[in-house]
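>>> return atomic coordinates for the entry below.
(chains A, B, C and D)
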Protein chains: 4
Amino acid sequence: MKLTPDRKYIYELTIKVRDYEIDAEGIVNNAVYLNYMEHTRHEFCQQAGLSFREMCARKIYPVLRSAQIEYLHPLTLGDTAVSRLGMMRRGPLFVFIQDIYLPDGTPVARADISVATLEDGRLTRGDTLAEAFKDYL
Amino acid sequence: MKLTPDRKYIYELTIKVRDYEIDAEGIVNNAVYLNYMEHTRHEFCQQAGLSFREMCARKIYPVLRSAQIEYLHPLTLGDTAVSRLGMMRRGPLFVFIQDIYLPDGTPVARADISVATLEDGRLTRGDTLAEAFKDYL
Amino acid sequence: MKLTPDRKYIYELTIKVRDYEIDAEGIVNNAVYLNYMEHTRHEFCQQAGLSFREMCARKIYPVLRSAQIEYLHPLTLGDTAVSRLGMMRRGPLFVFIQDIYLPDGTPVARADISVATLEDGRLTRGDTLAEAFKDYL
Amino acid sequence: MKLTPDRKYIYELTIKVRDYEIDAEGIVNNAVYLNYMEHTRHEFCQQAGLSFREMCARKIYPVLRSAQIEYLHPLTLGDTAVSRLGMMRRGPLFVFIQDIYLPDGTPVARADISVATLEDGRLTRGDTLAEAFKDYL
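Numbering: from 1, shown residues only, chains lettered A, B, ... in the order given. Next comes the predicted model:
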């Protein structure tokens, strides 16, 4: 498994761990990282000018094609994390570079998330979203 | 991203989608697949003779190192899924082959999940778990 | 806080605790009980002949008005629970009697859940659902 | 069902809805409100000087005894909520007054949450926590 080597970020979001996200091992459960990353993507989209809410209203649905995650350092009760995001286009897909750090810079998790675009129920080349986010691609 | 090509299964679990797992797009949210896969691993471990509860009692904690998921077909309201699992050892890690299907055989998601072992707070070579699951490796 | 005294059940569902539902205290997190109860209601509806999926397709949305829960005994790693359900009509609301037990009969949680009905975005008297579930009211 | 009439707040937390918290009905799922309220309690405790993490380290576990929630107005994609908290002692229990609003003051949900205290596995009168939070009771 190889993540995209070039990890340039264009957005970051501070996330406070919620204690119910901690599991029986005393650490943030592995699935919650995908929640954090989705929330980061959606906050980015809203700030970049086209919110997920607006996408839904226009029947444009981003759908995950793949996710590759490396877990490097656990998050636990009371932690704060910094979620950083980069974005690129790869054919009809958008690839999000999504890395999470502790505030001191310790890497927590790294992921590549590939997203396809459904419009009116059909897979598209993603041109509508590429146009909306052209300043970031 | 390349998943392990050889996808032999030794365990399967039927999972009924819970409607709260569906998100605003009308499909099971991407993070929930990691929940399904964790639940499948733990049900397998319990059946194989060493439950996660017993591991915790003995301070043996499996922790995820990486997850690679491909999303192939969405699950939606009322669906039933079949979650299949294979397992192999790769150095100090256990790699779980975890694929989800519709009952008619349509592939829904495929993943490789790598797990390390912490015992008393230290990373180990996984020999305790390998011994416990030797009939399946 | 008084729950409905008469707790007659017409449906029951066995639920295996999923280990990711356990929180840092080592017990099923309080919010997860509402997940179990929603899943029980929806499984009941499907069995009774009108699934939640079908309701959504007909733009009939049950929405919670209130929930009263008593937590009596914790669920933990590997537990199995039995989720029992009763149902009555109270004015325009449906009240679900929802109690959870251990298999040995130990009460785990008890709740009254009140649900209103939205059809095409408007609150209704619930007659469509009452007709669908008339054999159970 | 009657909530505590006197709803004085001593703490508030702004919560941005995460889009994965929205369910198939297009609104924040009913169980998520208990997540918001727990997170609000824990953020309050941390600010008030005794974090949940510290409680766990000292084997002091707050456990829910009951929750009464009224759902008044749905939250949806992209919404921001204001979660307000009051606190009182009622015998050995702490009762948290927990109400959620839209930023414009529209009431979203109201709840009374009763919490007992376990220390070293035994129910106590809650004196340790009452001492820690005496400035707020």
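>>> C-alpha only now, for contacts and for neighbours.
Fine.
>>> what sits closest to the residue nearest the centre of chain A if chain neighbours are left out?
Geometric centre of chain A, nearest residue: residue A:37, 3.5 Å, by C-alpha atoms, centre = their mean. Of all residues not flanking residue A:37 in the chain, residue A:98 sits nearest, at 6.7 Å (C-alpha to C-alpha, 6 or more residues apart in numbering or on different chains).
>>> same thing with residue A:22?
residue A:28 (4.2 Å).
>>> what is the burial count for the one you found?
Applying other C-alpha atoms under 10 Å in any protein chain shown, we find 24 residues neighbouring residue A:28.
>>> kindly report the same for residue A:36.
21.
>>> over to residue A:46?
Other residues within reach of residue A:46, judged by other C-alpha under 10 Å, total 15.
>>> what of residue A:92?
Neighbours of residue A:92 using other C-alpha under 10 Å come to 16.
>>> quick one: mean pLDDT for the longest helix along chain A?
Counting by DSSP state H, the longest helix found in chain A is helix A:32-48. Computed over helix A:32-48, the mean pLDDT rounds to 98.
>>> which positions in that helix come out as buried?
A:32-45 (16 or more other C-alpha atoms under 10 Å in any protein chain shown).
>>> closest to chain C among those?
Nearest to chain C among the buried residues of helix A:32-48: residue A:32, at 10.1 Å, using C-alpha to the nearest C-alpha.
>>> for chain C, give me its nearest residue in chain A.
Closest point on chain A to chain C, by C-alpha to the nearest C-alpha, is residue A:23, at 4.5 Å.
>>> who's in contact with the nearest residue in space to that residue that is not next to it in sequence?
In space, and not counting its chain neighbours, residue A:23 is closest to residue C:23: 4.5 Å by C-alpha to C-alpha, 6+ apart. Neighbouring residues of residue C:23 by C-alpha atoms under 8 Å, 6 or more residues apart in numbering or on different chains: A:19-24, A:26, C:29.
>>> let me see the confidence value for the residue located most distally from the centre of chain A.
Centroid-distance maximum for chain A: residue A:24 at 25.3 Å, with C-alpha atoms, centre = their mean. For residue A:24, the pLDDT comes out at 96.
>>> how much space separates it from residue A:31?
For residue A:24, the distance to residue A:31 (C-alpha to C-alpha, to the nearest Å) stands at 14 Å.
>>> and chain A, which of its residues are near chain D?
Within chain A, the residues that sit near chain D (C-alpha under 8 Å from any C-alpha of the partner chain) are A:18-20, A:35, A:38-39, A:42, A:51-53, A:77-78.
>>> among these, which ones lie close to chain C?
Among the residues of chain A next to chain D, the ones lying near chain C by C-alpha under 8 Å from any C-alpha are A:19-20.
>>> now, which of the residues of chain A next to chain D sits nearest residue C:3?
residue A:20 (26.7 Å; C-alpha to C-alpha).
>>> quick check: the gap between the closest one and residue A:96.
Taking C-alpha to C-alpha, one finds residue A:20 at 27 Å from residue A:96.
>>> does the nearest residue to residue A:92 once chain neighbours are set aside fall in a helix, a strand, or a coil region?
In this structure, residue A:92 finds its nearest non-sequential neighbour in residue A:125, 4.4 Å apart by C-alpha to C-alpha, 6+ apart. Put simply, residue A:125 is coil when judged by DSSP: H, G, I helix; E, B strand; the rest coil.
>>> verify the stated contact: residue A:125 with residue A:118.
No: look at residue A:125 against residue A:118 with C-alpha atoms under 8 Å: they stay out of range, at 9.1 Å.
>>> so which residues of chain A form strands?
A:11-16, A:60-71, A:80-90, A:93-101, A:107-119, A:122-123 (DSSP state E).
>>> re the thing from before, in the sheet, who's paired with the residue nearest to residue A:37?
Residues in a beta bridge with residue A:98, per DSSP bridges, are residue A:85, residue A:111.
>>> please apply the same query to residue A:12.
residue A:84.
>>> can you tell me which residues contact it?
Under the criterion of C-alpha under 8 Å, 6+ apart, the contact partners of residue A:12 comprise A:40, A:82-85.
>>> do that again at 10 Å, thanks
A:40-41, A:43-44, A:82-86, A:98-100 (C-alpha atoms under 10 Å, 6 or more residues apart in numbering or on different chains).
>>> give the rounded mean pLDDT of stretch A:62-70.
Averaged over stretch A:62-70, pLDDT sits at 98.
>>> just the C-alpha atoms of it, please, in PDB.
Listed in PDB are the C-alpha atoms of stretch A:62-70, where the atom choice follows Å, rounded to 0.1, in the frame of the first residue of the first chain:
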ATOM      1  CA  PRO A  62     -19.800  12.600  -4.100                       C
ATOM      2  CA  VAL A  63     -19.400   8.900  -3.400                       C
ATOM      3  CA  LEU A  64     -16.300   7.100  -2.100                       C
ATOM      4  CA  ARG A  65     -14.500   4.800  -4.400                       C
ATOM      5  CA  SER A  66     -11.700   3.800  -2.100                       C
ATOM      6  CA  ALA A  67     -10.000   4.700   1.100                       C
ATOM      7  CA  GLN A  68      -6.400   3.900   2.200                       C
ATOM      8  CA  ILE A  69      -5.600   4.700   5.800                       C
ATOM      9  CA  GLU A  70      -2.500   4.300   7.900                       C
END
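>>> could you verify my assumption that residue A:17 touches residue A:77?
Yes: counting by C-alpha atoms under 10 Å, residue A:17 does reach residue A:77; the two are 6.9 Å apart.
>>> okay, the two: which has more neighbours?
When residue A:17 and residue A:77 are compared for neighbours, residue A:77 comes out ahead with 22 against 19, by other C-alpha under 10 Å.
>>> that one touches residue A:28, doesn't it?
Yes: counting by C-alpha under 10 Å, residue A:77 does reach residue A:28; the two are 8.0 Å apart.
>>> anything in contact with each of these two?
A:17-22, C:24.
>>> among these, the buried ones, what's the PyMOL command?
Buried members of those, defined by 16+ other C-alpha under 10 Å, are picked up in PyMOL with:
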select buried, (chain A and resi 17+18+19+20+21+22) or (chain C and resi 24)
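>>> quick check: the two most widely separated of the shared contacts of residue A:77 and residue A:28?
The span of the shared contacts of residue A:77 and residue A:28, defined through C-alpha to C-alpha, is set by A:17 and C:24 at 12.5 Å.
>>> which residues do the two both contact?
In contact with both residue A:17 and residue C:24: A:28, A:76-77, using C-alpha under 10 Å, 6+ apart.
>>> how about JSON lines for those residues, with pLDDT added?
What follows is the shared contacts of residue A:17 and residue C:24, written out as JSON lines (pLDDT from 0 to 100):
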{"residue": "A:28", "pLDDT": "98"}
{"residue": "A:76", "pLDDT": "97"}
{"residue": "A:77", "pLDDT": "98"}
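>>> now distance to residue D:109 too, for the residues you listed, in a markdown table please.
Putting the shared contacts of residue A:17 and residue C:24 into a markdown table (distance: C-alpha to C-alpha, whole Å) gives the following:
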| residue | distance to residue D:109 |
| --- | --- |
| A:28 | 27 |
| A:76 | 29 |
| A:77 | 26 |
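>>> return the member of those nearest to chain B.
Nearest to chain B among the shared contacts of residue A:17 and residue C:24: residue A:28, at 10.9 Å, using C-alpha to the nearest C-alpha.
>>> related to what we said a few turns ago, in this structure the residue nearest to residue A:92 contacts residue A:62, no?
No: between residue A:125 and residue A:62 there is no contact, the gap being 11.6 Å when judged by C-alpha under 10 Å.
>>> looking at those two, which one has more neighbours?
A count of neighbours by other C-alpha under 10 Å puts residue A:62 above the other of residue A:125 and residue A:62, at 21 against 16.
>>> ok, that one to residue A:87 distance?
Taking C-alpha to C-alpha, one finds residue A:62 at 14 Å from residue A:87.
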